[in-house]
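*Asks:* sequence first, predicted model second:
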Amino acid sequence: TTDEEEALEPLLSHSVNLSDDYSSIGERKYTEGEGNLRESNLKKPGKNSAVAAVFNIVACTVGAGILSLPGGVASFGWLSLLLLPFITISAGYTAKLLIRCMHIVPGKRSNSYREIGIETFGSIGGVITLILQCTTLVGVCTIFLILVGGNMSAVLPWLTFHDIVLIAGVLLIPVSWLKTLREVSFLSYFGVAASVFCALVVLALGLQFAIDDTPKYEVVSTTSGFFLSFNVLVFSYGGHAVLPTVEKDMRTPANFPRVINIAFSIIALMYCSVAAVGYAGWGEALVGGSGNILDAAAASCDHCVIVTIAYVVISFHVFMAFPIPLNPVNLYLEHAFRFHEMSHTKELVSRLLLRTGVMVCIIALAMAIPWFGDFLSLVSAISVISMVFVLPILFYVVLSRRHQVHIAWWKMCVLVFLFLFGVFASVVGVLFAVRALGCDFATNAPYSNFFVPASANHTVESPRNSSWCTPL
């Protein structure tokens, strides 16, 4: 088992076994005309069924990001719902391209996203992929802390957002010292259950308020709203890094394209329901809020026990799951600093110091940038869009040309469009996400334990530079 596989193991269901020896796996070739994988000399296949693979993809993709979807729709209005099918189809397509890249080299199989990057562009490709992966994972850890701080400060009003972030972060420091996390793989089940529960709460309350009240809506918002909406929606499909591991552990990897179709259809159904009903229930009042739909639900439902339970459930989930995205980052850093070449005592001390330092940086980042929705948008624009849209297409085209795999002209046109759109959306998305955070800082925007609808009488500090908040 490599360090990368060991790091990613808890992200999957405990039914996934990454400790098998895959050195006996023979050549697998992808025949583009037939649209499936043809395997030869597969002496030791994985253990997971297609159903288990579907669950693993759903479990790794659906998470706390589902709470940001209605706010993402509110950034651009009802037309944002047209982005969801586009993103779902595009992300499913690039997921299949990523798996094709694993088998495109005759007689060789890449076992991870990073190995595909190395196969494509050498060590530079591996470094770029690793940086984007680590940026995403650190961003997710920070988002987890922000979510815990915001949620639990609503449940425990005598503690401030910063108090809870600090307490939670300190409690997580000893947990971050664990080198392996096989024991927490059961959290994939709890994570799916927590996400489904919160989705049901949003659906129930959103439908109620959509029927009882008359929220204001807007069909099209602003250019910045489009890219902020795109950032949030793409973030919810940011599970591409674990797909090679899921495919590798299937009994019949040739079924993986069908698994992707089923898994992404389930995810899309869940996302579209929450996004549409959440926006229908609260409308434009979501614009300018914290980005967490539970805050809107809490403000509309005074002393609502079900919302309090949702706060606690999702907070417990992200708190317990926090070490899972953090551990790969720590393992990568330890490998880079050659901790494995140190004596046992020196390695132990160095590991404790490094992992504590990483935790301190994440705690400081969460306390400095406490806006859940806008920070999530920034992380998505910086790394997730590239991981979902840009790199799979780039890797596939380069490897196909190198190994003389024919790509039809119409398919190349689709690939070029998605690639250029991804690059453009990433660059522009970063600019608008930074601008949104600048507006948050300038106006001292609300970020914890309360939600401020657009019609509320809320006084904010006068921004020193109002251009941060001027609609574009």
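*Replies:* Looks like it arrived, so ask away. Numbers count the residues shown, from 1 in each chain.

*Asks:* next one: the nearest residue in space to Gly149 that is not next to it in sequence, what pLDDT does it get?
*Replies:* In space, and not counting its chain neighbours, Gly149 is closest to Val165: 4.0 Å by C-beta to C-beta, 6 or more residues apart in numbering. C-beta: built from backbone N, CA, C; applies to glycine. Val165 is assigned a predicted lDDT (pLDDT) of 94.

*Asks:* buried sites along the helix or strand hosting Ile164?
*Replies:* According to DSSP states H and E, Ile164 maps onto helix 161-176. Using 16 or more other C-beta atoms under 10 Å as the test for burial, helix 161-176 gives Phe161, His162, Ile164, Val165, Leu166, Ala168, Gly169, Leu172, Val175, Ser176.

*Asks:* closest to Ala436 among the residues you listed?
*Replies:* Phe161 (18.6 Å; C-beta to C-beta).

*Asks:* the closest one reaches Leu147, doesn't it?
*Replies:* No - in this structure Phe161 lies outside contact range of Leu147 using C-beta atoms under 8 Å: 10.8 Å.

*Asks:* and the helix or strand Thr129 falls within with helix 161-176, angle?
*Replies:* Using DSSP H and E, Thr129 maps to helix 113-155. Calculated by axes from the mean of the first three to the mean of the last three C-alpha atoms, to 10 degrees, helix 113-155 forms an angle of 140 degrees with helix 161-176.

*Asks:* what does the pLDDT read for Leu18?
*Replies:* pLDDT, read off for Leu18, is 29.

*Asks:* how about Leu269?
*Replies:* 93.

*Asks:* any buried residues in stretch 401-420, and which?
*Replies:* Val405, Leu415, Leu418, Phe419.

*Asks:* does the second one count as helix, strand or coil?
*Replies:* The reference is to Leu415. helix (DSSP: H, G, I helix; E, B strand; the rest coil).

*Asks:* between the two ends of stretch 272-291, how far is it?
*Replies:* Length of stretch 272-291, first residue to last, C-alpha to C-alpha, to the nearest Å: 17 Å.

*Asks:* on that earlier part again, dump the C-alpha coordinates for the helix holding Ile164 into CSV.
*Replies:* Coordinates of each C-alpha in helix 161-176 appear next as CSV, following Å, rounded to 0.1, in the frame of the first residue of the first chain:
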residue,chain,number,x,y,z
PHE,A,161,-17.8,31.6,16.4
HIS,A,162,-14.1,32.1,17.1
ASP,A,163,-14.4,30.4,20.5
ILE,A,164,-15.9,27.3,18.9
VAL,A,165,-13.4,27.2,16.1
LEU,A,166,-10.5,27.5,18.6
ILE,A,167,-12.0,24.8,20.9
ALA,A,168,-12.7,22.4,18.0
GLY,A,169,-9.3,23.0,16.4
VAL,A,170,-7.4,22.3,19.7
LEU,A,171,-9.4,19.1,20.2
LEU,A,172,-8.5,18.0,16.7
ILE,A,173,-4.8,18.5,17.1
PRO,A,174,-4.2,15.1,18.9
VAL,A,175,-6.4,13.4,16.3
SER,A,176,-4.3,14.8,13.5
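
*Asks:* what is that helix packed up against?
*Replies:* Here helix 161-176 touches helix 113-155, helix 323-336, helix 344-368, going by 3 or more C-beta pairs under 8 Å, 6 or more residues apart in numbering; DSSP states H and E.

*Asks:* what's in contact with it?
*Replies:* Residues outside helix 161-176 that contact it (C-beta atoms under 8 Å, 6 or more residues apart in numbering): 145-146, 148-150, 152-153, 156, 159, 319, 322-323, 326-327, 330, 355-356, 358-360, 362-363, 366-367, 370, 447-449.

*Asks:* and Tyr237, how far is that from Pro85?
*Replies:* Separation of Tyr237 from Pro85 (C-beta to C-beta, to the nearest Å): 12 Å.

*Asks:* so between the two, which is more surrounded?
*Replies:* The neighbour count for Tyr237 versus Pro85, taken as other C-beta atoms under 10 Å, is higher for Tyr237 (28 against 11).

*Asks:* and that one, helix, strand or coil?
*Replies:* Once three-state DSSP is applied, Tyr237 turns out coil.

*Asks:* isn't it up against Ile87?
*Replies:* Yes - assessed by C-beta under 8 Å, Tyr237 is found in contact with Ile87 at 6.1 Å.

*Asks:* where does the prediction get shaky in the protein?
*Replies:* The chain contains residues with pLDDT under 70 at 1-46, 180-188, 213-221, 288-289, 303, 444-472.

*Asks:* centre-most residue in it?
*Replies:* For the chain, Gly238 is the residue whose C-alpha lies nearest the centre (C-alpha atoms, centre = their mean; 4.0 Å).

*Asks:* what's the neighbour count on the residue nearest to that one when sequence neighbours are not counted?
*Replies:* Nearest residue to Gly238, sequence neighbours excluded (C-beta to C-beta, 6+ apart): Val384, at 4.1 Å. Neighbourhood size, Val384 [other C-beta under 10 Å]: 29.

*Asks:* picking that back up, give me the buried entries from the contacts of helix 161-176.
*Replies:* Counted by 16+ other C-beta under 10 Å, the contacts of helix 161-176 give 145-146, 148-150, 152-153, 159, 319, 322-323, 326-327, 330, 355, 358-359, 362-363, 366-367, 370, 447-449 as buried.

*Asks:* how far is the helix holding Ile164 from where the chain is centred?
*Replies:* Distance of helix 161-176 from its chain centroid, counting by C-alpha atoms, centre = their mean, to the nearest Å, is 21 Å.

*Asks:* the closest residue to Cys304 other than its chain neighbours: which element?
*Replies:* Distances taken as C-beta to C-beta, 6+ apart put Ala298 closest to Cys304, at 6.7 Å, once the chain neighbours are dropped. Using DSSP H and E, the element containing Ala298 is helix 293-300.
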